[in-house]
Each structure stands twice: as structure tokens, then as C-alpha cells.
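1. give me the fold of what follows.
(chains A and B)
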Amino acid sequence: MPEPLLQISELNVAFDTARGEVRPVRDVSLSIYPGQTVAVVGESGCGKSVTAMSILRLIPSPPSKVLSGSIRFQGRDLLSLSEKEMQSVRGKEIAMIFQEPMTSLNPVYSIGDQIAEAVVLHQNVGSREAMRIAEQSLRDVGIADPHRRMREYPHEMSGGMRQRIMIAMALSCKPKLLIADEPTTALDVTIQAQILELLRKIQRQTGMAIMLITHDLGVVAENADVVNVMYASRIVESATVEDLFDRPKHPYTQGLFRSIPKLGTTAKRLDTITGTVPNPAKFPAGCKFHPRCDKMNGDPICATVEPLLREIAPGHWASCHHVENFANSPVTLPQLQHKREDMVPLATEVKA
Amino acid sequence: MTTDATAIIAPAIAPAPPESDRGRGYFASAWIRTFRQAGAKVGMTWIVIVVFAGVFAPLIASSYPIAMRDSSGHWSSPMFKVLDYADITLMLLTLIGVASYVLQRLNIRQARYGLWLVAAIVALTPLTYLLRPGQPPVSDFAYEHYRMGVANGSILRAIHTIIPYSPSDRLTDKPSGLQSNPPSREHWLGTTDNAEDVLSRMIHASRTAVSVGFVATSIALFIGVLVGGVMGYFVGVADIIGMRLIEIFEAIPTLILIITFVTFYRDYMNIYSIMAIIGATSWTGDARFVRAEFLRLRDQDFVHAAKAAGLPLRSILFRHMLPNGITPLLISTSFGVASAILTESYLSFLGLGIPDRASWGQMLDAARGQGTSFAWWLAVFPGGAIFLTVFAYNLIGESVRDALDPKLLQRDS
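-> The predicted model follows:
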């Protein structure tokens, strides 16, 4: 059993806002093994980006603090590192790409300068060597004529190219983990496919792990090995991609799948999950999903007791009082562990 | 002291330059758009003239001949003898600057490294001045040598600079001496009541004006960027303290503060302390601009991306945030230079400048003359120079603002 590359356990994050404390991340636990793609899926505001940002300790305003939990990366607890040590983890060990390629590049520097700056910092090389590495990483992400592109500025690039450049920048220091925060949301569909294909290719070549944050289940199906579904600051279901897509257990996950338009159906209206995502400042008591749940059937336990994650099948975890054959299983703490060997091959490889 | 710059519009994000700017960075295209405008061209031309006049003043206006031959057939150059290290360094640095600009325009990249090396060596030459043990000032000797030579006819030949008068040459041995004279063929812009040549003084004074403008504004910029940057990036307590500091500084009437300071510390004043005082009292506007820009930039994606790449705070603040928030500063700086020049002129006009240093304001003061006399040539020419220089900086500031205004930019492209 290999050691997990990244292990988040029982992470709790709080924001100090003018209207009191808000907790965007509650008891989140997940593990990422080398070479694995772990997806975190959920609606806007469910805490998936905050979880990702806490790994790099980059939670922006409002002022926030980690209440409890640990984030272990290769055996080191990232939460206890000094800011200086953290700087050598960011970019070098764990890289991140963002949702908005249009604004993620600094408009005043040329592409080459921007990539080379991080390379010089993390790899202890001279600027000439850094430029060579930068050019190679541009070539790796499929930028045509990288030598010329190095000297160009972000405003001369399309959105897809900029996202490739962001990926090149993230990969230039050969990180062990790439956090991709909605990497394709801002791109059009053909470019999305290219970028995801690129990430898969690089992952196969380098054995890097990817934490894929998205709200697009199509992207998850194509790319992820393990999926964590988040709802209202908690992980509500966690399983391998096959398990989750074939046998979704949590009513929220099931609702998500029902809301995907399908080919060949004649339904006039698309199914939706009724209601809206609760405001993080005043979450409902009990199961946070119960006001929107169609499985509840007036069961008072849903409105009073918050369900914990429980292992329903090997490697398949969900937090719901009403999953079939579920109510009697013992409550255990989540120890989400998946082995690469256990998992299905990548979705694309299955198709091919 | 700060010129009103409320009209500055900070672009929401550094706007993408129009298509014609392919292959150019933000600043390169901003530079080009600025100097495409007539106002900026005119302003820059005047500033270049003033800068060159100031830097090369000893070669343009000097009582010492460039070359002379005495009766023994011996050639010498009193003018070069009296140049001090500061003069030579300044001239060489300017020449290197011009050369590197030309080479850059011609796209000769490698040549720049050599030039920087030369510039570094030149910049270090004043240090050798400190290492030299005390020597008698060469200027008096050369001056007397030449004058006596002229008087007893031992100078056979002398080649003079364009204006053959030093700024404080009182021409005591000339028949026209020791009174203020209107412009004549000998003294193109007249003389002061000490019989000093006005044109020569004005040329030497442009060095004062330019250096006061640049140094005072640089000091203001430095303090403003530091204070504003810390306020805008760290917010919270730093912001509150910084803002109160700014309010305190803005509550003090700057000119009165400077006048008080100059009167009390008369003996310790030189031109550099004047620059420092002007700079130290005019940074508040810059700090406000930088704070506002940093507040906007700290949550921009590329700043998050820079943090996620593990870049140190220094790089995030000054390499990634500052260049993107510098637009309002560029504009306020060019107005700031103008107002620093004006402040120095006020002080000199009030007789609080540096007595032995030629300055336009001081000459304006001298125009009042003794009694009822009014020397118009002492008011018009230096006053005109102040007006033109301040006007030129304002023209450039205006053009920079237009060049960086995203609304105008969209209309262009």
C-alpha cells in the first residue's frame, strides 16, 4: 500500500466576516496518491476552492483560519510549516492552475519572463537555463513556435493558449501535485477537450497527481479516478469514478446525475434539484441537504442529526441516513483510501 | 504641493493594447501612445533641451576658455581644468544614456551590457574624489591665470564657449561692471545687479531645476510606494495607521513647513536638503494612489497565481503588483516634478534658497532690484523658463493620462 502523496484529514476552515464566523470547510478528509486524479465536485460556494486554497495556505480575503485538521504532504504537515518553507512548496512541490486564464497572467511581462521567474526561484538555475526550461515546457504543452511566443505578451494569446501557458508554468518545476481549480470552465468546449487531453498526457508522462476541482460531471467522468462530491462545506460522497457514476448513493449526487441532459430521452423539462444551496452563514440543522432532499419522507432524524460519512461498499463513502442497507451500518470515521491498483483504468483508455 | 490630479482614471485592469501593438509590452506601447501625441512631443522636446543645457552647462557657458595659447606657445584648457568630478560624471552618464537609447532603437542588444559596465565605472568616479587628499581649488588659479594673461597680453589666442561667462563671474574688471544691464550684444539676456550674465546663470540654473524636480519626486515616489504598498497589501492595522499618517501630513501646510524648516536650519541647508524636504512632504498623494491600486490588485488572479507559484513577497509586491498599479503614479509623477520645480522657485524667490547656487526663482527675486528699479529681463527670462518647464511637464502628464485611459484606448482601436 503506497503512502498517500497528500492526505487531508478532518480539515475545518473558518472565515471571520462582519456578520460572524462562516465555516466553508467542515471535516473534509481526502487522500491523493501519486499518479492519481482526484476530483472534487460541487456547486459554487460549496467549499471546494477553499479546500484547494488551504492546501497551499493561500485563502484570500476575508480573513480566515484553519480551526482544526491536518494537511500532510509527503509526510510533512503543511499547516505547521513557516511561510518561508511554504514558499518552497508552492510552485515547486504543489502547483496550481486557475479558472480564469484571461486574467491569471501578468499583463506587463512576456510569457518567457513569467515562466522563467518561478524556474529561477525553485530550480536554482541561471536565467539563460531558466529560459531554456521555459521554452521546453511551452513545447511540452503544445504551443507552436515557442521560441517566438516566449517574447510575446499575454494580450497576444487566446484563452486556450493562455491556459496552456498557465499549465506550462505550473509544470515547469515538475510538481508532484497539480491543483487544477476549474481549469476548463472559462474555455469553449473544443478547447476544454484539448486542455483535458493535455493534462492526461502530461500525467501519464510524469506520474504527477492531479486534484481536479470542477462542477462539470462530464469532465469528472473523463478524467478522474476518485470523486469527492461536496455539498454545503462537507464531502457527502466519495467513491471511484465508476462506482459513483454507476451507483450514486447520496440523494444529492443522484440529483446531480438526474439534472444532466441525456441524449435519446423525450422529457420536455430537465430534472432539477429543488430549492437552492443554503447560505453558509445559516446552514439548516441536521443534514444540510434535507430541505431539498426527496428521500427524506418526513423522517425527523434528517432534520436533527447530521449524518457522517460511512463506508457503504469498499471504497465507497456517503453521508446519508437513508441509503439502502445503510441505516444499520456502524458509524465510522472517514479513512478514505484508494489504491491505484484497485481502480479502473482511465475513462479514455476504456473507450479506446 | 501636489498638483490636483483628481482627473486620473485608473483602468480596471491594465487594458490590452490595440492590435497595432503586437509584440510590445504594456509599458512599451504606453510609451509609444504617449509620445504619439503632439503635446507630449513638445513637452519632451523642451525638457530634453533643459536637461542637456543643465548637464552640459559648463561646456556652454563658462568664463574659462576651452583652449588658450600663451606667449610661450603653450596650449592649455582652463575650462576642462575647472570641471569637477560631479560635472564629468553627469556628462558621461548622460552620453551613455543617449548612446544606449540609440543602440536600443537600432536593436543592438549586446552593446548594452558594455554600456552598463562603463556607466557603473563612471558612477564610481566621484569616489576617487574622496580618496584625493586636499588640494587647492583649481578654479581660482585658472581664472586668475587667464585674466592676468589677458591683461598683460601674454595670452595669444583663446577659444571660448558659446557664452563666455560663468554664472557667478562678476566681471569686475570690465567697464560695464557691477550694475544690472538690459540685454545687449555682449550679454544676450542682460546682466544681474552683480553684473553676472543672465543667460549663463539661467543655463546653470536649469541643472538646479531639473535635479530638484527629479530627486524630490523620486523621494516622494519612494516613500509613497512603500507606505501605500504596505497599506494596500496588508490592509487592517497597517492601513489604519498609514491612513492617519497621511492625514497628518496632509493637514500640515507644506510651504509653511518648508519655510519654517529652512529658516531655522539655514546653516545646514544645501540644495539636497531642499530636495529632501520637498520630497518628504509631497508623498501623500502617491501613497493614496498606490494603496488604492494595491487594494484592487491584491485579489487579482495573476497575483494569486504568483503566490501559488511560491514567489516571495518582494516579487509579488514590486514585480507583479506595482507595475500593474503604476499608471496613476506615472501621471502624478509628471505633475509632481512640475510642482517640485515650482516649490523650489517659491523658496528661492522668498530668499530662502541656496545663496551661492544659480536658480530661476532667485533671479526672479533679483528682478525687484534695489529701490524702485525693476529689471524686466530678470523677470521675463527666468520666469519664462519656469513657466515653460512646468508647462512641459504638465503636457507630458496630460498625454500619459490620455495614453493610459482605457476609454480613449477603446475608441482608438
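
2. the residue lying farthest from the centre of chain A: which element?
-> Relative to the mean C-alpha coordinate of chain A, counting by CA atoms, centre = their mean, the farthest residue is residue A:128 (34.5 Å). For residue A:128, the element it lies in under DSSP states H and E is helix A:127-140.

3. give the next helix or strand downstream of that helix.
-> In N-to-C order, the element after helix A:127-140 by DSSP H and E is helix A:146-149.

4. need the contact list for residue 322.
-> Here I'm looking at chain A. A:251, A:295, A:296, A:297, A:299, A:302 (CB atoms under 8 Å, 6 or more residues apart in numbering or on different chains). C-betas here are computed from N, CA, C, even on glycine.

5. could you do chain B instead?
-> B:225, B:229, B:290.

6. now, which of those residues sits nearest residue B:264?
-> Nearest to residue B:264 among the contacts of residue B:322: residue B:225, at 29.8 Å, using CB to CB.

7. the closest one against residue B:289, yeah?
-> No: here residue B:225 does not reach residue B:289: they are 9.3 Å apart, not a contact under CB atoms under 8 Å.

8. more neighbours, these two?
-> Between residue B:225 and residue B:289, residue B:289 has the larger neighbour count (other CB atoms under 10 Å in any protein chain shown), namely 25 against 22.

9. look up how far residue B:38 lies from that one.
-> Counting by CB to CB, to the nearest Å, the gap from residue B:289 to residue B:38 is 27 Å.

10. which residue ranges of chain A form strands?
-> All strands of chain A, identified by DSSP state E, fall at A:6-17, A:20-32, A:37-41, A:64-73, A:76-77, A:94-97, A:177-181, A:209-214, A:226-231, A:234-240, A:310-313, A:316-318.

11. same question, the stretch 51-200 of chain B
-> B:67-70, B:75-76, B:155-159 (DSSP state E, counting those that start in this stretch).

12. now do residue A:243 against chain B, distance only.
-> 32 Å (CB to the nearest CB, to the nearest Å).

13. now the residue nearest to that residue when sequence neighbours are not counted: how far from chain B?
-> Nearest residue to residue A:243, sequence neighbours excluded (CB to CB, 6 or more residues apart in numbering or on different chains): residue A:316, at 4.9 Å. Distance, residue A:316 to chain B, using CB to the nearest CB: 32 Å.

14. quick check: bridge partners of residue A:316?
-> residue A:313 (DSSP bridges).

15. which helix or strand contains residue B:305?
-> Going by DSSP H and E, residue B:305 is in helix B:301-308.

16. what helices and strands are in contact with that helix?
-> Applying 3 or more CB pairs under 8 Å, 6 or more residues apart in numbering or on different chains; DSSP states H and E, one finds that helix B:301-308 contacts strand A:94-97.

17. the contacts of residue A:322 into a markdown table, with extra columns for distance to chain B, pLDDT and neighbour count?
-> Listed next are the contacts of residue A:322 as a markdown table, based on distance: CB to the nearest CB, whole Å; pLDDT from 0 to 100; neighbours: other CB atoms under 10 Å in any protein chain shown:
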| residue | distance to chain B | pLDDT | neighbour count |
| --- | --- | --- | --- |
| A:251 | 35 | 88 | 25 |
| A:295 | 39 | 78 | 18 |
| A:296 | 39 | 75 | 20 |
| A:297 | 44 | 74 | 8 |
| A:299 | 43 | 78 | 16 |
| A:302 | 38 | 84 | 24 |
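
18. residues of the stretch 251-400 of chain B that sit close to chain A?
-> Residues of the stretch 251-400 of chain B lying near chain A by CB under 8 Å from any CB of the partner chain: B:298-302, B:304-312, B:315, B:319-320, B:323-324.

19. which of those residues are buried? Put it as a PyMOL command.
-> Remark: buried members of these, expressed as a PyMOL selection using 16 or more other CB atoms under 10 Å in any protein chain shown:
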select buried, chain B and resi 298+300+301+302+304+305+306+307+308+309+310+311+315+319+320+323+324
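
20. ok, now which ones touch the closest residue to residue B:327 other than its chain neighbours?
-> Among residues not flanking residue B:327 along the chain, residue B:404 sits closest, at 4.8 Å (CB to CB, 6+ apart). Taking CB under 8 Å, 6+ apart as the contact definition, residue B:404 lies against B:11, B:30, B:33, B:327, B:330, B:331.

21. for the nearest residue to residue B:305 once chain neighbours are set aside, give me the pLDDT.
-> Closest residue in space to residue B:305, ignoring its immediate chain neighbours: residue A:104 at 4.7 Å, by CB to CB, 6+ apart. Looking at residue A:104, its pLDDT reads 89.

22. quick check, residue A:104 in contact with residue A:157.
-> No: Residue A:104 is not in contact with residue A:157 according to CB under 8 Å; the separation is 11.5 Å.

23. neighbour count winner among the two?
-> A direct count of neighbours by other CB under 10 Å for residue A:104 and residue A:157 places residue A:104 higher, at 25 against 19.

24. ok, that one - contacts?
-> Taking CB under 8 Å, 6+ apart, one finds A:97, A:98, A:162, A:166, B:301, B:302, B:304, B:305 in contact with residue A:104.

25. what residues does the stretch 101-250 of chain A have near chain B?
-> So far as CB under 8 Å from any CB goes, the stretch 101-250 of chain A lies against chain B at A:103-110, A:117-118, A:121-122, A:151-153, A:155-156, A:166, A:169-170.

26. redo that, cut-off 7 Å
-> A:103-108, A:110, A:117-118, A:121-122, A:152-153, A:155-156, A:169 (CB under 7 Å from any CB of the partner chain).

27. ok, these vs residue B:48, which is closest?
-> Checking these against residue B:48 with CB to CB, the nearest one is residue A:108 at 26.3 Å.

28. where does the stretch 301-413 of chain B get nearest to chain A, residue-wise?
-> residue B:310 (3.4 Å; CB to the nearest CB).

29. and the gap between that residue and residue A:132?
-> Taking CB to CB, one finds residue B:310 at 20 Å from residue A:132.

30. what does residue A:243 give?
-> Counting by CB to CB, the gap from residue A:243 to residue A:132 is 45 Å.

31. what about those two, which has more around it?
-> residue A:243 (22 against 14).

32. pretty sure that one is touching residue A:314, no?
-> No: the criterion here is CB atoms under 7 Å, and residue A:243 misses it with residue A:314 at 9.2 Å.

33. for residue B:320, give me its contacts.
-> A:106, B:302, B:303, B:306 (CB atoms under 7 Å, 6 or more residues apart in numbering or on different chains).

34. make JSON lines out of those and add distance to residue A:37.
-> Listed next are the contacts of residue B:320 as JSON lines, based on distance: CB to CB, whole Å:
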{"residue": "A:106", "distance to residue A:37": "29"}
{"residue": "B:302", "distance to residue A:37": "26"}
{"residue": "B:303", "distance to residue A:37": "28"}
{"residue": "B:306", "distance to residue A:37": "26"}
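
35. pick out the most distant pair among those residues.
-> So, the contacts of residue B:320 by CB to CB: farthest apart are A:106 and B:303, at 8.4 Å.
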